[in-house]
Structures are given as C-alpha cells and as structure tokens.
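K.L.:
Please find the sequence and the predicted model below.
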Amino acid sequence: MKDYTQAIEIAKNLHWIGMYLPNDPFQCHPYFIENGKNSVLVDPGSMLEFEAVVKKINSISSMHHIKYIILHHQDPDVAASIADMEKLIQRDDLQIITHSRMVPLVKHYLIQSLYYEVDKNDYRLQQDGLDLEFFSTPYCHSPGAFVTYMPNNKTLLSGDIFGGIEESWEFYAKEDYFEKAKQFHAEYMPSRDIFNYALNQIERLDLELIAPQHGSIIQKKYIANLIEQMKNLECGLYIKEDYRDKLIGTIEELKKKDIELNASLNDIKEKEKLLFHKAKMADMGVMIGNIAHQWRQPLALNNTIISILREKNIRKLLDAKELDTKLQEMEESIQYMSDTIDDFMHFYNPSKKKLLFNVVESVQESLKITQPMLQQIEVKLHFSHTDTFYIQGYKNEYTQVLVSILTNAKDILLLRKIPSPYIQINIYETKEHHIVVEISDNAGGIEEGCITRIFDPYFTTKHQSVGTGLGLYISQMIVEKNMQGILTATNTTEGALFSIIMRKNHDQ
Ligand SMILES: [Fe+2]
Ligand SMILES: [Fe+2]
C-alpha cells in the first residue's frame with residue numbers, strides 16, 4: 001500500500017505530487033520533473049491541493065528550483081494555483097510552458113512570468129538538461145490542448161486525455177480502466193474524429209507509462225488496448241442521438257453534393273475538350289484556306305507553263321534552252337508551294353518548352369501567314385520594327401494568338417465593308433518592364449456591352465459562317481493560363497485595340 005501523503009516517483013525523475021481528496025471521484029494530479037535547479041512543475045492544480053503540493057515539492061526539491069511550469073490547458077483544476085505558486089518560486093526566469101491559444105485565458109490567473117509557447121518553439125524544449133516533446137491535441141478538450149512526452153523515460157503526461165472518474169480511486173489503472181474513463185471522454189471530447197486525431201498522435205509514441213491529470217496512472221501493459229477502446233468511443237456531439245442523426249444527415253447531404261459537383265466538373269472538362277477540338281478544327285480550316293490561297297498563283301502558273309510547253313511541242317517549236325528555262329520556273333514555284341506547307345506545319349506545331357524569343361519575329365511570322373488574306377481585301381498594314389523585345393514563353397502559340405487577332409480584325413473589316421481598311425501593330429516596353437504588343441484596326445470597334453464577353457467561348461458578333469468566337473477564347477487561355485500574361489480588348493476612336501502584355505525577360 002502506497003503512502004499517498006508522500007510524493008511518489010513513477011518514472012525516472014518524474015514524481016506524482018498530487019493529493020488524495022477523499023470522496024472526490026475526480027482526483028487531480030500535478031507532477032514534478034526533478035531536474036536540479038531547472039525542474040518542471042506539471043499542471044499545478046487548484047488551491048484545494050495547494051498546500052499538499054508545495055509540501056511534496058519541498059520534500060524532493062525546492063520551490064526555488066522550479067524553472068518551468070507546464071499548463072496542458074487552462075481549466076481551474078489545472079491552473080488556478082499558479083499565481084500563488086509563482087509567489088513561492090520567486091524566479092525572474094520562470095517560464096510558463098503552454099500553447100499560444102491558452103495565453104489569453106490563463107493570464108486571468110494573474111500570471112507574472114514569461115511564456116514558452118510550444119507552437120512557436122517547434123513543439124519541443126531541449127535546454128537546461130531537459131528534453132520534452134509536445135504534441136498538439138486540439139479540442140481535446142481545449143482548443144490549444146497538448147500533451148508532453150518525455151523520451152528519456154518514455155512517459156506521456158497526457159493532461160485531461162486518459163483521465164478517469166472513479167468512485168474508488170486507484171493509483172495504477174487496472175484492466176477495467178476504460179470503463180472508468182469512458183464517461184469523462186464521452187462528455188468532454190468534442191467528437192470521435194477529433195479525439196481520434198489526438199489518439200493517433202499518441203499511438204505513434206514509444207510508451208512505457210501514461211500519467212494523466214485525472215484518474216489512474218496507466219502502465220504499458222494496458223496502453224495499447226485502452227487506446228483501441230478509446231478510438232471506438234462515441235464522444236461529444238455524437239453521444240446525443242438526435243445530434244448524431246442530424247450530423248449523419250448533414251454528412252450524407254454533403255457527400256451527395258460532392259458527387260453532384262464532381263459530375264458537373266467532369267461535364268465542364270468534357271465541354272472544354274470539345275471546345276479545344278473545335279478550335280483545332282477551325283485552325284485547320286484557316287490553315288487549309290491559307291495554303292489554298294497561297295497555292296492558287298503558282299498552280300495557275302504551272303498550268304500555263306504546261307499548256308505552253310505542250311502546244312510548242314506539238315508544233316515542234318520547243319528548243320532545249322526554252323524547255324530548260326520553263327522547267328526551272330516550274331521547279332521554283334513548286335519549291336514555293338512546298339515552303340508554304342512547311343511554314344504552316346511549323347507554325348501549327350505546339351511548342352515543346354518555354355523559350356526566349358523576340359516578339360518582333362513572332363509578329364513577322366504571323367504577318368507572313370495572314371498577309372495574303374489581308375492583301376486580298378486590301379487591308380493596309382502599319383508595322384515596322386528594328387528593335388528587339390525578348391520574352392519567355394511558347395513562341396508558336398504566341399504567334400497563333402497574333403494570327404487569331406489579325407484574322408479577327410480582317411473578318412470584321414470585311415464584314416463591315418470598311419473603306420480604306422487598316423491594321424496597325426505597335427510594340428513597346430513599359431516602365432514596369434512589360435512587353436506590350438498592340439493590334440488595332442479601324443473597323444468601328446467592339447459593340448457596347450460586348451467588350452466583357454468577347455473572350456467567352458462561342459461568343460461571336462460575326463456571321464455564323466465567319467467564325468465561332470473560339471479564336472479569342474483560346475487566345476486568352478494561351479496568354480493568361482499558359483504564359484502568365486494578359487490579353488485585353490478596348491475600343492479606340494476608330495476601332496478595336498487588342499493588347500498582349502507579357503513580362504520582359506530580364507536575362508536580356
Ligand atoms: Fe479540463
Ligand atoms: Fe482536468
């Protein structure tokens with residue numbers, strides 16, 4: 001039979017210094033970590049046990065040897081005696097070890113000392129020959145609750161967790177301890193999930209002993225089983241049936257909404273895929289149109305040459321020299337046709353990686369592709385540049401954006417039958433080191449109220465046969481999502497103005 005009027009060493013340098021309160025089923029246990037002049041007082045308790053606790057500390061050490069006081073949470077049964085403890089300790093370097101969430105509460109006990117906030121110190125204290133690890137057990141049962149692990153003796157100082165309510169108090173827990181501890185946990189731990197989070201932290205530790213602030217001290221042989229039983233305990237909100245039913249209802253509803261949301265997200269993804277596919281097809285259409293346009297002349301030329309050669313051959317008028325010249329002409333125009341295909345194929349190939357490139361070159365390439373169309377309806381181009389403006393990005397995609405904007409401008413100039421149509425391209429660098437390419441026209445501008453919608457998929461002011469609006473939608477995606485730039489549209493006095501704004505590459 002142990003003498004509970006004395007301090008009891010429960011592990012190396014760790015002493016129980018509580019006081020048995022007869023007929024109180026809710027016993028409170030302070031502990032003392034003996035460490036010379038840098039000792040630690042754990043959960044000092046209330047004024048009910050104050051005298052006995054001080055007496056026990058003085059029997060193994062001295063109040064003046066306490067350098068740290070751990071407060072695992074802020075309840076009065078843990079901390080109400082703290083101001084009076086401070087007065088007896090009388091040390092300027094005394095520190096209160098607690099969680100920062102507890103500080104605004106425990107200061108009401110008139111604490112004078114400094115705080116050592118575990119959450120701001122990597123949940124560890126390794127100084128003065130001490131090695132303490134702290135584990136956050138939020139809402140069990142206080143928002144800042146934590147537990148303390150002593151690696152040197154494998155003991156867990158667990159605060160309210162594993163506390164028991166016992167009609168007849170036993171110093172060491174027996175096999176039936178869960179029965180004595182379950183009511184307190186069911187009532188004080190907010191929910192099974194939250195309690196399990198704390199238990200999972202504790203379960204990972206190499207444990208010889210658990211010393212809770214209430215109930216009995218738990219030895220190794222009972223620990224694993226006790227944790228297992230605690231894990232399955234319904235707690236807090238869940239112990240009341242109507243709460244539980246409501247909660248389960250809410251969870252079910254949330255699950256259902258989640259499933260619905262996922263389904264609609266998949267729908268959106270499918271639509272986006274389709275859009276890209278359509279855009280690709282529209283691009284192909286434009287490409288074939290352009291190739292056809294560029295081929296018309298050389299094809300006609302070859303056709304004429306063949307007719308002439310055949311005619312002369314029939315009349316035996318063909319001499320070797322002329323044949324050679326004509327064949328050379330044909331060869332050149334076929335080469336031109338082949339180059340056209342190469343140009344377009346190259347341009348429509350997606351860029352593999354972000355590269356440093358000169359936007360002036362990109363503009364020139366986009367003009368090479370669109371110029372035949374522009375010439376066809378006599379659009380004047382105002383663009384000349386000798387400078388270089390380097391940006392980092394996907395060059396071919398950037399050029400495609402330019403082609404899209406130019407094609408768009410051309411379509412509207414044609415649709416609105418603008419006399420003396422023109423497109424102007426400006427490139428400049430801003431003070432903030434952005435490279436801006438501006439493409440403007442004199443087609444009358446974007447209609448009032450449409451300016452915010454022109455980048456929407458399927459938005460188009462053109463006739464159905466002219467476009468689908470995909471070009472601008474995809475262009476904005478390319479500039480803003482893939483290259484972190486900005487693509488905007490505004491109106492000038494004469495027409496629309498598209499700006500592509502990209503960050504300058506500073507390596508240049
Ligand atoms: Fe408590
Ligand atoms: Fe407590």
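P.N.:
The structure has been received and is ready for your questions. Ligands and ions are numbered 1, 2, ... in the order given.
K.L.:
Who does I33 form a beta bridge with?
P.N.:
When assigned by DSSP bridges, I33 has beta-bridge partners L14, V40.
K.L.:
Would you check that it makes contact with V40?
P.N.:
Yes: between I33 and V40 there is a contact under C-beta atoms under 8 Å: 3.9 Å. The way it works is simple: take the backbone N, C-alpha and C, and place the C-beta from them, glycine included.
K.L.:
which neighbours do the two share?
P.N.:
Counting by C-beta atoms under 8 Å, 6 or more residues apart in numbering, the shared contacts of I33 and V40 are L130.
K.L.:
Closest approach to ligand 1 from this protein, which residue is it?
P.N.:
Here the residue of the chain nearest ligand 1 is D75; by C-beta to the ion that distance is 3.8 Å.
K.L.:
Tell me, how many residues neighbour that residue?
P.N.:
For D75, the tally of surrounding residues (other C-beta atoms under 10 Å) stands at 20.
K.L.:
my guess is it contacts S142, does it?
P.N.:
Yes: counting by C-beta under 8 Å, D75 touches S142, with 7.4 Å between them.
K.L.:
Can you read off the pLDDT for the nearest residue to V379 once chain neighbours are set aside?
P.N.:
Take V379 and drop its neighbours on the chain: the residue closest to it by C-beta to C-beta, 6 or more residues apart in numbering is P421, 4.7 Å away. Looking at P421, its pLDDT reads 95.
K.L.:
can you count the residues close to P421?
P.N.:
21.
K.L.:
list the contacts for it?
P.N.:
Counted by C-beta under 8 Å, 6+ apart, P421 has contacts I377, E378, V379, K380, L413, D441, N442, A443.
K.L.:
Contacts only, for the second one.
P.N.:
The reference is to E378. Contacts of E378 (C-beta under 8 Å, 6+ apart): P421.
K.L.:
can I assume it sits in a strand?
P.N.:
No: per DSSP: H, G, I helix; E, B strand; the rest coil, E378 lies outside any strand segment and is coil.
K.L.:
Can you tell me how far it is from ligand 2?
P.N.:
89 Å (C-beta to the ion, to the nearest Å).
K.L.:
Which secondary structure elements does the lowest-mean-pLDDT helix or strand in the chain sit against?
P.N.:
In the chain, no helix or strand scores lower on mean pLDDT, DSSP states H and E than helix 470-476, which sits at a mean of 77. Helices and strands touching helix 470-476, by 3 or more C-beta pairs under 8 Å, 6 or more residues apart in numbering; DSSP states H and E, are helix 241-314, helix 395-415, strand 486-491.
K.L.:
what helix or strand is L226 on?
P.N.:
For L226, the enclosing helix or strand under DSSP states H and E is helix 220-231.
K.L.:
who touches that helix?
P.N.:
162, 173-175, 177-178, 181-182, 185, 192, 195-196, 199, 202-203, 207-210, 218.
K.L.:
now the residues you listed: which count as buried?
P.N.:
162, 173, 177-178, 181-182, 185, 192, 195-196, 199, 202, 207, 209-210, 218 (16 or more other C-beta atoms under 10 Å).
K.L.:
Of these, which belong to helices?
P.N.:
Mapping these onto helices (DSSP state H) picks out Y177, F178, A181, K182, H185, R192, F195, N196, L199, I202.
K.L.:
Out of those, which comes closest to Y123?
P.N.:
I202 (13.7 Å; C-beta to C-beta).
K.L.:
Quick check, that closest one in contact with L157.
P.N.:
No: taking C-beta under 8 Å as the definition, I202 is not a contact partner of L157, at 11.4 Å.
K.L.:
what touches both of the two?
P.N.:
By C-beta under 8 Å, 6+ apart, the residues touching both I202 and L157 are V147.
K.L.:
one step back: give the residues shared as contacts by D75 and S142.
P.N.:
By C-beta under 8 Å, 6+ apart, no residue touches both D75 and S142.
K.L.:
Can you list the buried residues in stretch 219-231?
P.N.:
Under the neighbour-count rule (16+ other C-beta under 10 Å), stretch 219-231 has Y222, I223, L226, I227, M230 buried.
K.L.:
Give me the mean pLDDT for that stretch.
P.N.:
96.
K.L.:
ok now it, how far from the chain's centre?
P.N.:
Relative to its chain's centre, stretch 219-231 lies at 37 Å (C-alpha atoms, centre = their mean, to the nearest Å).
K.L.:
Please determine how far L94 is located from ligand 2.
P.N.:
Counting by C-beta to the ion - L94 and ligand 2 are separated by 22 Å.
K.L.:
got the contact list for the residue nearest to that residue when sequence neighbours are not counted?
P.N.:
Excluding its sequence neighbours, the residue lying closest to L94 (C-beta to C-beta, 6+ apart) is S113, at 4.3 Å. Going by C-beta under 8 Å, 6+ apart, S113 touches I69, E86, L94, Q95, I96.
K.L.:
if we can go back for a sec, reformat the helices and strands packed on helix 470-476 as TSV; add distance to P22, mean neighbour count and mean pLDDT.
P.N.:
Shown next, in TSV, are the helices and strands packed on helix 470-476 (distance: least, C-beta to C-beta, whole Å; neighbours: other C-beta atoms under 10 Å; pLDDT from 0 to 100):
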stretch	distance to P22	mean neighbour count	mean pLDDT
helix 241-314	37	12	82
helix 395-415	83	23	88
strand 486-491	77	17	93
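K.L.:
just so I know, which of those lies nearest ligand 2?
P.N.:
helix 241-314 (23.9 Å).
K.L.:
Which strands and helices lie in contact with whatever helix or strand comes next after the closest one?
P.N.:
As assigned by DSSP H and E, the chain's next helix or strand after helix 241-314 is helix 320-348. If you count contacts as 3+ C-beta pairs under 8 Å, 6+ apart, helix 320-348 packs onto helix 241-314, helix 359-376, helix 395-415.
K.L.:
now those helices in TSV, with distance to ligand 1?
P.N.:
Formatted as TSV, the helices and strands packed on helix 320-348 follow (distance: least, C-beta to the ion, whole Å):
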stretch	distance to ligand 1
helix 241-314	21
helix 359-376	66
helix 395-415	62
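K.L.:
Would you reformat those helices as a markdown table and include distance to S61?
P.N.:
A markdown table is the format used below for the helices and strands packed on helix 320-348 (distance: least, C-beta to C-beta, whole Å):
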| stretch | distance to S61 |
| --- | --- |
| helix 241-314 | 47 |
| helix 359-376 | 76 |
| helix 395-415 | 74 |
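K.L.:
where does N153 land in three-state SS?
P.N.:
Per three-state DSSP, N153 ends up coil.
K.L.:
Tell me who's in contact with the residue lying closest to it once chain neighbours are set aside.
P.N.:
Distances taken as C-beta to C-beta, 6+ apart place A11 nearest to N153, at 4.1 Å, with adjacent residues excluded. By C-beta under 8 Å, 6+ apart, A11 lies in contact with M150, N153, K154, T155, E208, L209, A211.
K.L.:
Using a markdown table, please lay out those residues together with pLDDT and distance to ligand 2.
P.N.:
Converted to a markdown table, the contacts of A11 look like this (pLDDT from 0 to 100; distance: C-beta to the ion, whole Å):
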| residue | pLDDT | distance to ligand 2 |
| --- | --- | --- |
| M150 | 98 | 20 |
| N153 | 96 | 23 |
| K154 | 97 | 23 |
| T155 | 98 | 18 |
| E208 | 97 | 23 |
| L209 | 97 | 19 |
| A211 | 97 | 13 |
